[in-house]
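# How does the following fold in three dimensions:
(one chain, ligands or ions: 1)
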Amino acid sequence: MNSDQVASLETLKSKLDPKAWSVDPTELSAHTQDWRGRYQGQTPLLIKPASTAEVAEILTFCNDHQIAVLPQGGNTGLVGGSTPQGEIVISLRRMNAVRDLDIANESLCVEAGAILETVQQEAANANKLFPLSLGAQGSAMIGGLISTNAGGVHVLRYGMMRDLVLGLEAVLPDGTIISDLTGLRKNNTGYDLKQLLIGAEGTLGIVTAATLKLYTHPASLGVGIAAVPSPQGAVDLLDFMKSATGGAVAAFELMPKFGLDLVCDHVPGARLPLESDPDWSVLIEVTSGEADRASEILESALGEAFEKDLISDAVIAQSDSQAHEFWMLRESIPEGEKAHGKAAKHDVSVAVSKMPSFMHAASRMAESFDPDIKVIAFGHVGDGNVHFNLGAKQAGAGDEFIEKVKPVTRAIYDLVDEYGGSISAEHGIGILKQGEFAARQSTDIAIMRVIKAAIDPNNIMNPRVLLPQT
Ligand SMILES: Cc1cc2nc3c(=O)[nH]c(=O)nc-3n(C[C@H](O)[C@H](O)[C@H](O)COP(=O)(O)OP(=O)(O)OC[C@H]3O[C@@H](n4cnc5c(N)ncnc54)[C@H](O)[C@@H]3O)c2cc1C
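Numbers count the residues shown, from 1 in each chain. Sure, this is the predicted structure:
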């Protein structure tokens, strides 16, 4: 930052409400490191606007003075996109109001700093469902979830964030406010601008509010865990369960034995759900419009699956708290993995039908590269997205392990290409995947650069993220 920009920051501070900014190192530190502890950054200033008008004023000033900014939500992003390296941080956390709930339209308008869990609860209070659900839902905010086009555990039934946004309000770098919060489900009037901002990782503007799509709240939920012989067995079971439950499967998550062992070792109170302790299990959630019916549907379908040798063991949650316990096991795999040591993470997707063959080929490749590697592959197999992570067999691996397995990472992404998959299923590109993104895209990146230059000609919006530096 040059001396003119330092002086400009002083001017900016003097224009803002004193509550709206901070240079306190303790407060700043929560905003300068990522959740995984992989990226350590720094910022000269944290700004906490309280209104869209304030965001517009800040961006206009920063654009005029060519000051780079980084929008931040809950700072739970996993690809380094929310860690500043000198940019000023604009935290949306004070903008967390519910602006409107429209029951008949099944829509909820909230500000960007609303935490996902709060939004789910707002919807539930109105007997509606906001179906996005993921491990970081107690911290991740709507603006961040939109900007990363988050996925989570219900994509199989309800789609990604992109499918759950009816409209957006956002501020472009020059301070222009675009607003489309009317909640229309049909609007064919040209380019759909909101879709440009969804998944843009803060590179095109700041999302300040969104109108979200709600669904009828299911009258009952059935949650169970079943032992499957292999990932192929999981895909076979998914196919069977979809028809045996009449399309009632809402989530279908693959869990490896090693991942669950790590959870039991490191997360207080966690215990294995199946006595048979299988190598592979799946967590299945089904819903029903009838009270107390979902568990019956699940039980009957799993009974048939057992008869057909698709599963060897199963347990169905007998209460809401047991269902919660099952989900905690699944959601705690990243935490158990983190406590075990550093792991090379690959958030990849292929067609559901190709997932078993991909996992087999990738596992063989990784394990033959180094017998110390332990594959920890888990997640949203129901939508073709697996977190294909490489840990060390021994606990306590550090950065040297990540360095050592780098060639495998490249080979895994090449394999994803062979299978026609994506190297980033749901976490985005950020900083972490820029190199791999650049290595396999050219036309798309060229078009993205044209869009970026048109909307952000001074390149002030999260300038180091997503698009590879030229
Ligand atoms: C334990 C755990 C589990 C997770 N599970 C999943 C999962 O299942 N599925 C999944 O998709 N992700 C998952 N994530 C990743 C993460 O939660 C998501 O990427 C989430 O969308 C990030 O939201 P956030 O508010 O924390 O955003 P941040 O981390 O603050 O920001 C993420 C990106 O969005 C930009 N941004 C933030 N707010 C705005 C805004 N208002 N306007 C413009 N740009 C903005 C930032 O600049 C950054 O590039 C998980 C993370 C953790 C820690």
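
# Every contact and neighbour count from this point should use C-alpha atoms.
Fine.

# Please identify which residue in the stretch 301-450 of the chain comes closest to the ligand.
E426 (4.4 Å; Cα to the nearest ligand atom).

# give the contact list for that residue.
Going by Cα atoms under 8 Å, 6 or more residues apart in numbering, E426 touches T148, N149, A150, G151, G152, D347.

# measure the second one to the ligand for me?
Distance check for N149 against the ligand: by Cα to the nearest ligand atom, to the nearest Å, it reads 7 Å.

# If I look at that residue, what pLDDT would I see?
Note for N149: predicted pLDDT of 98.

# Neighbours of it, how many?
Residues lying near N149 (other Cα atoms under 10 Å) number 24.

# can you start the count at 10 instead of 1 from here on
From this message on, residue numbering opens at 10, which makes the last subject N158.

# Nearest to the ligand: which residue in the stretch 210-359 of the chain?
Going by Cα to the nearest ligand atom, the ligand is nearest to G211 of the stretch 210-359 of the chain, at 3.2 Å.

# For the protein, what lies in contact range of the ligand?
Residues of the chain lying near the ligand by Cα under 6 Å from any ligand atom: 44, 79-87, 90-91, 101, 121, 143-145, 149-150, 152-154, 156-157, 159-161, 210-211, 214-217, 435-436.

# Using ChimeraX, define a selection of the buried residues within those residues.
The ChimeraX selection below is limited to those of the residues of the chain next to the ligand classed as buried (16 or more other Cα atoms under 10 Å):
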select :44,79,80,81,82,83,84,85,86,87,90,91,101,121,143,144,145,149,150,152,153,154,156,157,159,160,161,210,211,214,215,216,217,435,436
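
# Which members of the residues of the chain next to the ligand occur in strands, if any?
Residues of those located in strands (DSSP state E): L79, P80, Q81, I215, V216, T217.

# check which helix or strand covers I460.
I460 is part of helix 452-464 when elements are defined by DSSP states H and E.

# Repeat that for G233.
Secondary structure from DSSP H and E places G233 in strand 229-237.

# so what secondary structure elements neighbour that strand?
Judged by 3 or more Cα pairs under 8 Å, 6 or more residues apart in numbering; DSSP states H and E, strand 229-237 is in contact with strand 289-297, helix 303-316, strand 322-325, helix 329-340.

# Select, out of those, the one closest to K28.
helix 329-340 (35.5 Å; Cα to Cα).

# Helices of the stretch 360-479 of the chain, residue ranges please.
364-378, 408-413, 415-427, 443-449, 452-464 (DSSP state H, counting those that start in this stretch).

# Distance to G400 added to those, as a markdown table?
As requested, the helices of the stretch 360-479 of the chain are arranged in a markdown table below (distance: least, Cα to Cα, whole Å):
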| stretch | distance to G400 |
| --- | --- |
| helix 364-378 | 10 |
| helix 408-413 | 8 |
| helix 415-427 | 12 |
| helix 443-449 | 20 |
| helix 452-464 | 32 |
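
# can you put those helices in a markdown table and add mean pLDDT and mean neighbour count?
Converted to a markdown table, the helices of the stretch 360-479 of the chain look like this (pLDDT from 0 to 100; neighbours: other Cα atoms under 10 Å):
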| stretch | mean pLDDT | mean neighbour count |
| --- | --- | --- |
| helix 364-378 | 96 | 17 |
| helix 408-413 | 93 | 14 |
| helix 415-427 | 95 | 16 |
| helix 443-449 | 92 | 15 |
| helix 452-464 | 96 | 14 |
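
# Can you tell me how far the residue nearest the centre of the chain is from E131?
Nearest residue to the geometric centre of the chain (Cα atoms, centre = their mean): A159, 3.8 Å. Applying Cα to Cα, to the nearest Å, the value for A159 to E131 is 19 Å.

# now do S116
Distance from S116 to E131, by Cα to Cα: 11 Å.

# quick one: which of these two has more around it?
S116 (28 against 17).

# ok, now which ones touch the more buried one?
Contacts for S116 (Cα under 8 Å, 6+ apart) come out as L110, G192, T220, L221, K222, L223.

# ok, what's across the strand from the first one?
Same thing as L110. L117 (DSSP bridges).

# Let me know how buried it is, in neighbour terms.
18.

# ok, now which ones touch it?
Shown in contact with L110 (Cα under 8 Å, 6+ apart): S116, L117, C118.

# go on, the fifth one?
For K222, the contacting residues are E115, S116, L117, F139, L173, V174, L175, taking Cα under 8 Å, 6+ apart as the criterion.

# 10 Å - rerun?
K222 sits next to 114-118, 132, 137-140, 170, 172-176, 192-194 when contact means Cα atoms under 10 Å, 6 or more residues apart in numbering.

# Just the buried subset of the residues you listed, please.
Of the contacts of K222, these count as buried by 16+ other Cα under 10 Å: 115-118, 132, 137-140, 170, 173-176, 192.

# got the phi/psi numbers for the residue nearest to the centre of the chain?
Per-residue torsions, A159: phi -60, psi 160 (degrees, to the nearest 10).

# any idea how far it lies from L143?
A159 sits 9 Å away from L143, going by Cα to Cα.

# neighbours around the nearest residue to L441 once chain neighbours are set aside, how many?
Leaving aside its chain neighbours, L441 sits nearest to V88 (5.0 Å; criterion: Cα to Cα, 6 or more residues apart in numbering). V88: 24 surrounding residues under other Cα under 10 Å.

# end-to-end on stretch 154-165?
Stretch 154-165: ends 17 Å apart by Cα to Cα.

# Kindly provide the whole-number mean pLDDT of the host helix or strand of D172.
Element membership of D172, judged by DSSP H and E, is helix 170-173. Averaged across helix 170-173, the pLDDT comes to 98.

# quick one on the thing from earlier: tell me the residues that contact both of S116 and E131, please.
Common contacts of S116 and E131 (Cα under 10 Å, 6+ apart): L110, K137, F139.

# ok, of those residues, which one's closest to the ligand?
Nearest to the ligand, judged by Cα to the nearest ligand atom, of the shared contacts of S116 and E131 is F139 at 14.8 Å.

# Give me the phi and psi angles of the closest one.
With angles defined as degrees, to the nearest 10, F139 sits at phi -100, psi 110.

# Give me the pLDDT value at it.
Reported pLDDT for F139: 98.

# same deal with V15?
For V15, pLDDT reads 87.

# That one is in contact with Q75, isn't it?
No - using Cα atoms under 10 Å, V15 is not in contact with Q75; the gap is 11.5 Å.

# Packed most tightly, which of the helices and strands packed on strand 229-237 would that be?
Of the helices and strands packed on strand 229-237, the one with the most neighbours on average (mean count of other Cα atoms under 10 Å) is strand 289-297, at a mean of 24.

# relative to strand 229-237, how tilted is that strand?
Counting by axes from the mean of the first three to the mean of the last three Cα atoms, to 10 degrees, strand 289-297 lies at 160 degrees to strand 229-237.
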